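*Asks:* Just a sequence and a predicted model for now, questions to come.
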Amino acid sequence: MKKPILFSLACIVLFLVLMVGFNQKSMSIKSKAYETRFHYAEQLYSYAMFYYGLSELLSENNQENLRYFIKGNKIGLEKRAIYEDVSEIVFNDLEQYYNDETNQKIKLIITQLRSTTFDLYDYFGDRYEEKKTGTSMMNELNKMYSMIYPTANNDLAKLNLYNLIVHPDEVIKNHSKEQIDEYLNNIDLTLKGFGK
């Protein structure tokens, strides 16, 4: 009678050990996906800091610092092809959170963000003193900063491009598809506004 009980207990223990191992492997895969999204989204931090820094320098009206700031950022952005290497992996992972249309919009926004940033480099390049900038431009730059990257620590649920990529589970838990689409349309319009 003891042997069947011991055998049953051994089977239960073996089952639990296997489940823990399987669960750790599953968590490891999820962790890798998160890490890849996190590293991919770090490019957004660079963009956000550019918009924030540009706004600050424009408010100071320091042409020399502005030129160096733009030149340094432009060199850095030109070297960021590494993000393109993992883009497919990131957006394949995001398919579990967003539909294809939303994924495509996010990709398009990132492409537009890169393009608009280069346009701003050119616009404020060597001939800054000829440009007319006012508070509306600085407000738009600050607006872009907050639309790209969280302005407060641990603000995982706020709609911004960074959270859409790094914390999609929190975003979809706290926002409807319509709210996400509205946000993407707003950032699209804001980016297009810089081209005018």
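*Replies:* It's in. Numbers count the residues shown, from 1 in each chain.

*Asks:* any low-confidence regions in this protein?
*Replies:* Scanning the chain with the threshold set as pLDDT under 70 gives 1-30, 79-82, 125-134, 153-154, 195-196.

*Asks:* can you give me the helices for it?
*Replies:* Assigned by DSSP state H, the chain shows helices spanning 2-60, 63-78, 82-94, 100-123, 135-148, 161-166, 168-174, 177-194.

*Asks:* Comparing these, which comes out most buried?
*Replies:* helix 161-166 (a mean of 23; mean count of other Cβ atoms under 10 Å). Backbone N, C-alpha and C define where each C-beta goes, glycine included.

*Asks:* How about the contacts made by the residue nearest the centre of the chain?
*Replies:* Centrality entry for the chain: nearest residue to the mean C-alpha point is Tyr162, 2.8 Å, by Cα atoms, centre = their mean. Tyr162 sits next to 41, 44-45, 48, 148-150 when contact means Cβ atoms under 8 Å, 6 or more residues apart in numbering.

*Asks:* How about Asp181?
*Replies:* If a contact means Cβ under 8 Å, 6+ apart, then Asp181 has 102, 105 as its contacts.

*Asks:* For stretch 89-98, what is the distance to the chain centroid?
*Replies:* Mean-position distance between stretch 89-98 and its chain equals 13 Å (Cα atoms, centre = their mean, to the nearest Å).

*Asks:* let me redo that: stretch 187-196
*Replies:* 18 Å.

*Asks:* Same question for stretch 171-190.
*Replies:* On Cα atoms, centre = their mean, the centre of stretch 171-190 falls 14 Å from the chain's centre.

*Asks:* and if you look at stretch 148-166?
*Replies:* With Cα atoms, centre = their mean, you get 8 Å for stretch 148-166.

*Asks:* Start and end of it, how far apart?
*Replies:* Terminal residues of stretch 148-166 lie 12 Å apart, using Cα to Cα, to the nearest Å.

*Asks:* returning to that earlier point: adding distance to Asp169, write the contacts of Tyr162 out as a markdown table.
*Replies:* Output for the contacts of Tyr162, formatted as a markdown table (distance: Cβ to Cβ, whole Å):
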| residue | distance to Asp169 |
| --- | --- |
| Ala41 | 14 |
| Leu44 | 18 |
| Tyr45 | 20 |
| Ala48 | 22 |
| Ile148 | 20 |
| Tyr149 | 18 |
| Pro150 | 15 |
